[in-house]
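J.: Quick one, what's the 3D model for this:
(chains A, B, C and D)
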There are 2 protein chains.
Amino acid sequence: MSTYTMSVEDYLKAIYELSRATGSAVTTEVASRLAVASASVSAMVRRLTGQGLVSHERYGALKLTKKGRSVALQLVRRHRVIEAYLVTALGYAWDEVHSEAERLEHAASPELINRMAAAIGEPEVDPHGAPIPTAHGKLEEPRYRTLGDLAVGEKARIVRVEDEDPELLRYLASLRFVPGASVSLVKKEPFEGPLTIRVGSKTHVIGLPLAGRVFVNAS
Amino acid sequence: MSTYTMSVEDYLKAIYELSRATGSAVTTEVASRLAVASASVSAMVRRLTGQGLVSHERYGALKLTKKGRSVALQLVRRHRVIEAYLVTALGYAWDEVHSEAERLEHAASPELINRMAAAIGEPEVDPHGAPIPTAHGKLEEPRYRTLGDLAVGEKARIVRVEDEDPELLRYLASLRFVPGASVSLVKKEPFEGPLTIRVGSKTHVIGLPLAGRVFVNAS
DNA sequence: ACAAAAAGTTAGCCTCATCTATATTCCATT
DNA sequence: AATGGAATATAGATGAGGCTAACTTTTTGT
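T.: Numbers count the residues shown, from 1 in each chain, chains lettered A, B, ... in the order given. Next up, the predicted model:
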């Protein structure tokens, strides 16, 4: 059974997540996401293509092969199951689990992940609303609209939030902007101005950058 | 504050465990326990002494410094809490947890370890009877007698077994040689011959090498 | 007591993953 | 169409951690 270094796994996950968000992954994006120099990415990409995990032509975009995508999805599954487990079984707050999961995801066996998932009732999403790939690597990851895409007066339900920044998560929690919450856009100031959002009986005024990090389903 | 590589942690733990068992740790023992060449141990020992974790003079024995011992004990705590947690909270068998813990112990934060320990009621020993150091690095690890040290007719209670070999553990479990079990030595064949041990209503005949890996308290 | 064996160290090499500095290539704007 | 700036790639270095082969020191057996 093929086993990969932590670095290799991290690069594959980064490429996976960047291609999902922006359509394609390029060297500098990977470098900045992993906080390494772009020369390091070039070097690693050579190794990854050598192992058949990534396809790439000089100066071109990075694309996961089937194999690379499968490795990435396994890692994403491990990450999200761990996050869900830490919150549900060990009482972690949703802003504390990302960094813990970043380390554990490389050390946890598939068996452990499956046991964790079973212990908390096989959740379909992690604490931030991100869907959890199945043990067989199946994943549907829809591209949601964000709070910033709502029309004035429109109602929606928060389904997912970005999970990397603990401060952001604490702030969102304080506003009750959590997956499952029903919201509506009350008002939108002109010239990319702030949004007034109602959640429950309260309204909050938030800026567009924040709004773009909260994903909703029309409801 | 200080954080050490997995390798450094592994070496420190190996030295700790070897000095506990045999009084002192020497290069070849560490090499064989970690399955590396002895030249690699020499190289690492140079690094460890440089970091003030180990004291050593050429061709002499390896000894942990206070600092090295403390790092080792933290790792031992992480290992044993994880083993206990996997058995108690996730239904692992006692022969499955060692290798899982060997990987997780490097990735788990002190916070996670403390939560795991709390979740299962702050156990004092791991599933194999090994005592768990406190969060502050306190540990009493008595040197027990083994089944091989019993006199004919003597009764004792199993308090701990060696934990590294899954096959050994499965065999011990099948004989009900588990911590807590009351045993007595029925018969001892001459010339280092096999022992007949009663546990509960059954008797089993075991060889000396096995007997030396099962620790007892007089009872 | 001393030679052979065992243990430990050194030397020199390798891979992985990173860096900085420099060189290419691409592309957007004039 | 030319060119300056951004993106990417290469060259060469570094440090961790490992290896084998050769050498040195210690231990042991007769």
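J.: From now on I want contacts and neighbour counts done on CA atoms only, so please keep to that.
T.: OK.
J.: For the residue nearest to A:Pro123 when sequence neighbours are not counted, give me its contacts.
T.: Excluding the flanking residues, the one nearest A:Pro123 by Cα to Cα, 6 or more residues apart in numbering or on different chains is A:Ala117, at 6.9 Å. Contact analysis of A:Ala117 by Cα atoms under 8 Å, 6 or more residues apart in numbering or on different chains lists A:81, A:85, A:123.
J.: Specify which member of the residues you listed is nearest to DNA strand C.
T.: A:Val81 (23.5 Å; Cα to the nearest atom of the strand).
J.: Name the member of the contacts of A:Ala117 with the most neighbours.
T.: A:Val81 (29 neighbours; other Cα atoms under 10 Å in any protein chain shown).
J.: so how far is A:Arg145 from the residue of chain A most remote from its centre?
T.: No residue in chain A sits farther from the centre than A:Pro190, which is 30.1 Å out by Cα atoms, centre = their mean. As judged by Cα to Cα, to the nearest Å, A:Pro190 and A:Arg145 stand 20 Å apart.
J.: same deal with A:Tyr92?
T.: Counting by Cα to Cα - A:Tyr92 and A:Arg145 are separated by 28 Å.
J.: Quick check: the gap between the residue nearest to A:Pro123 and B:Thr22.
T.: Taken as Cα to Cα, the span from A:Ala117 to B:Thr22 is 42 Å.
J.: Tell me the residues of chain A that contact DNA strand C?
T.: A:5-8, A:35-41, A:43-44, A:58-59 (Cα under 7 Å from any atom of the strand).
J.: Going by distance to B:Glu29, which of the residues you listed wins?
T.: Nearest to B:Glu29 among these: A:Thr5, at 27.4 Å, using Cα to Cα.
J.: any idea how far that closest one lies from A:Met44?
T.: Counting by Cα to Cα - A:Thr5 and A:Met44 are separated by 12 Å.
J.: Looking at these two, which is more packed in?
T.: Taking other Cα under 10 Å, A:Thr5 and A:Met44 do not tie; A:Met44 has more neighbours (15 against 8).
J.: The one helix or strand the more buried one maps to near DNA strand D anywhere?
T.: A:Met44 is part of helix A:38-50, with elements assigned from DSSP states H and E. Yes: judged by Cα under 7 Å from any atom of the strand, helix A:38-50 comes into contact with DNA strand D at A:38-43.
J.: Show me what secondary structure element comes after the helix or strand where A:Leu172 lies.
T.: Applying DSSP H and E as the criterion places A:Leu172 in helix A:166-175. Next in sequence after helix A:166-175, counting helices and strands by DSSP H and E, comes strand A:182-188.
J.: C-alpha coordinates for that following strand, PDB please?
T.: Below are the C-alpha coordinates for strand A:182-188, written out as PDB (Å, rounded to 0.1, in the frame of the first residue of the first chain):
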ATOM      1  CA  SER A 182     -31.900  31.100   8.900                       C
ATOM      2  CA  VAL A 183     -30.900  34.500   7.700                       C
ATOM      3  CA  SER A 184     -32.300  37.200   5.500                       C
ATOM      4  CA  LEU A 185     -30.700  40.200   3.900                       C
ATOM      5  CA  VAL A 186     -32.400  43.300   5.200                       C
ATOM      6  CA  LYS A 187     -30.400  46.000   3.600                       C
ATOM      7  CA  LYS A 188     -27.400  46.400   1.400                       C
END
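J.: list the helices and strands it packs on?
T.: If you count contacts as 3 or more Cα pairs under 8 Å, 6 or more residues apart in numbering or on different chains; DSSP states H and E, strand A:182-188 packs onto strand A:155-161, strand A:195-199.
J.: relative orientation of the longest one and strand A:195-199 in degrees?
T.: Taking axes from the mean of the first three to the mean of the last three Cα atoms, to 10 degrees, strand A:155-161 and strand A:195-199 form an angle of 90 degrees between their directions.
J.: rewinding a little: which among the residues of chain A next to DNA strand C count as buried?
T.: By neighbour count, with 16 or more other Cα atoms under 10 Å in any protein chain shown, the residues of chain A next to DNA strand C hold A:8, A:38, A:41 as buried.
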